[in-house]
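K.L.:
Model the following, please.
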Amino acid sequence: KVEQLHLLRDSDPPAFEALILNQGDLYGTSNTLSLQVVASDQYSETLEMRTNLCTVPNANDAINVLEPDEYQCDEDINSQPWTNFASNSSVTFPTTEGGVGLQIQLRDFAGNATAIWGRATIIDTVAPQHISLTVGNGSGLINTLNVPVTLAATGADFMKVGTTAGLPQAPWQTFSTSAS
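P.N.:
As a prediction, this is how the structure comes out:
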């Protein structure tokens with residue numbers, strides 16, 4: 001005989017707290033990238049997830065933060081199987097160069113699914129080639145701290161310019177053949 005029965009209505013999907021692809025770096029040098037997902041659910045101890053690997057045809061779109069439904073995917077995320085939630089894992093994209101996107105969706109034990117989330121990044125396994133740098137007039141002598149610099153490189157899309165070794169504080173900027 002049951003004297004009391006407590007039921008709980010769970011109609012809320014899990015909460016995404018963070019989705020980090022490639023440790024948050026815009027560029028990856030391999031097609032296997034780290035994936036970190038931080039999520040919680042008020043009532044479910046276990047969650048499930050499904051992912052979908054996609055491409056981003058214009059690498060600049062990865063920089064401009066496309067919405068996940070704008071990625072070009074061979075398959076719909078709804079065709080992907082649900083797997084046990086893993087907060088830290090890796091994903092391997094089929095391409096070794098260019099813009100890629102990851103779609104991800106979570107659901108709880110009650111079947112409540114989140115909206116599709118996504119992150120895009122750029123896989124770049126080929127370093128720029130034929131790099132040349134000319135400071136000032138190329139004589140090797142300068143008499144001012146603000147010196148024009150002429151650059152050339154094949155396959156360079158972005159660059160950092162600065163005076164500190166390793167350029168730790170210099171922001172990435174679009175490649176240009178001149179700087180100062």
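
K.L.:
Tell me where the protein has helices.
P.N.:
Using DSSP state H, the helices of the chain run over residues 59-63.

K.L.:
What ranges in it fall below the confidence cut-off?
P.N.:
Scanning the chain with the threshold set as pLDDT under 70 gives 61-64.

K.L.:
Need the residue closest to the centroid of this protein.
P.N.:
With distances taken as Cα atoms, centre = their mean, residue 121 lies nearest the centre of the chain, 3.6 Å away.

K.L.:
longest strand anywhere in the protein?
P.N.:
strand 97-107 (DSSP state E).

K.L.:
picking that back up, the residue nearest to the centre of the chain against residue 24, yeah?
P.N.:
No: using Cβ atoms under 8 Å, residue 121 makes no contact with residue 24, being 9.2 Å away. Placement of C-beta: from N, CA and C, glycine included.

K.L.:
re the thing from before, what's near enough to touch the residue nearest to the centre of the chain?
P.N.:
21-22, 25-28, 33, 62, 99-101 (Cβ atoms under 8 Å, 6 or more residues apart in numbering).

K.L.:
who does it bridge with?
P.N.:
residue 100 (DSSP bridges).

K.L.:
how far away is it from residue 5?
P.N.:
The gap separating residue 121 from residue 5 is 49 Å, by Cβ to Cβ, to the nearest Å.

K.L.:
Ok, residue 178 next?
P.N.:
Separation of residue 178 from residue 5 (Cβ to Cβ): 76 Å.

K.L.:
which one of these two has more residues nearby?
P.N.:
A count of neighbours by other Cβ atoms under 10 Å puts residue 178 above the other of residue 178 and residue 5, at 9 against 5.

K.L.:
Without its sequence neighbours, what residue ends up closest to that one?
P.N.:
Closest residue to residue 178 apart from its sequence neighbours, by Cβ to Cβ, 6 or more residues apart in numbering: residue 150 at 5.7 Å.

K.L.:
Could you give the bridge partners of that neighbour?
P.N.:
Here residue 150, judged by DSSP bridges, has bridge partners residue 134, residue 178.

K.L.:
measure it to residue 179 for me?
P.N.:
Using Cβ to Cβ, residue 150 is found at 8 Å from residue 179.

K.L.:
ok, now residue 110?
P.N.:
Noted for residue 110: a distance of 56 Å to residue 179, by Cβ to Cβ.

K.L.:
Go ahead and confirm the residue nearest to residue 178 touches residue 134.
P.N.:
Yes: between residue 150 and residue 134 there is a contact at 4.2 Å, judged by Cβ under 8 Å.

K.L.:
Can you get me a residue count around residue 41?
P.N.:
Counted with other Cβ under 10 Å, the neighbours of residue 41 add up to 21.

K.L.:
meant to ask about residue 165
P.N.:
Neighbours of residue 165 (other Cβ under 10 Å): 6.
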